[in-house]
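In: just a sequence and a predicted model for now, questions to come.
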Amino acid sequence: MKTLSLTSDWDLSLDSTGNLVVLSDKTAILQDVCSAARTWLGEVLYDTGQGIPYDTDILNSEVDISFYASEVEDAALSVPGVAAATCHLANPTKERQLRGVILVTFTDGSTDYAQF
């Protein structure tokens with residue numbers, strides 16, 4: 001599996017010669033897990049069923065934070081190469097940003113984590 005590398009502010013990453021950086025293997029899977037956690041439901045035009053229901057369920061109601069963690073885990077499980085995912089959320093910041101860590105178990109049994 002390959003994916004285009006993104007910078008910390010989610011822009012395309014270029015190498016020293018100006019070419020796009022391509023990630024593969026587990027690094028690509030971890031980035032795709034983070035992308036899945038940041039995707040709004042309906043945002044992916046070719047599959048509007050992908051994404052987190054931010055506008056319909058999370059931002060429009062007083063939803064329990066465990067619901068959001070569960071949605072992130074489900075999104076992570078949709079990424080090829082992920083066998084299991086566990087989301088741990090930090091308290092929201094003063095700027096109302098929610099950050100967390102997703103512990104990923106790959107299909108080969110190894111584990112790693114991604115921060116979002």
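Out: Done, it's in.

In: what ranges does the chain have for its strands?
Out: Taking DSSP state E as the test, the strands found in the chain are 2-4, 22-24, 82-89, 100-106, 111-115.

In: now for those strands, which one comes closest to Leu14?
Out: Counting by Cβ to Cβ, Leu14 lies closest to strand 2-4 out of these; the figure is 10.4 Å. The C-beta positions use only the backbone N, C-alpha and C, and glycine is treated the same way.

In: about what we covered before: reformat the strands of the chain into a markdown table and put distance to Ser66, mean neighbour count and mean pLDDT next to each item.
Out: Output for the strands of the chain, formatted as a markdown table (distance: least, Cβ to Cβ, whole Å; neighbours: other Cβ atoms under 10 Å; pLDDT from 0 to 100):
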| stretch | distance to Ser66 | mean neighbour count | mean pLDDT |
| --- | --- | --- | --- |
| strand 2-4 | 29 | 12 | 92 |
| strand 22-24 | 31 | 13 | 93 |
| strand 82-89 | 9 | 17 | 96 |
| strand 100-106 | 12 | 18 | 96 |
| strand 111-115 | 19 | 14 | 94 |
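
In: let me have those in JSON lines, adding distance to Ser13 as columns.
Out: Listed next are the strands of the chain as JSON lines, based on distance: least, Cβ to Cβ, whole Å:
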{"stretch": "strand 2-4", "distance to Ser13": "7"}
{"stretch": "strand 22-24", "distance to Ser13": "9"}
{"stretch": "strand 82-89", "distance to Ser13": "22"}
{"stretch": "strand 100-106", "distance to Ser13": "20"}
{"stretch": "strand 111-115", "distance to Ser13": "16"}
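
In: please name the nearest non-neighbouring residue to Leu89.
Out: Using Cβ to Cβ, 6 or more residues apart in numbering and skipping residues adjacent in sequence, the residue nearest Leu89 is Gly100, 4.1 Å away.

In: what does Thr7 give?
Out: Nearest non-adjacent residue to Thr7, counting by Cβ to Cβ, 6+ apart: Ser13, 5.2 Å away.
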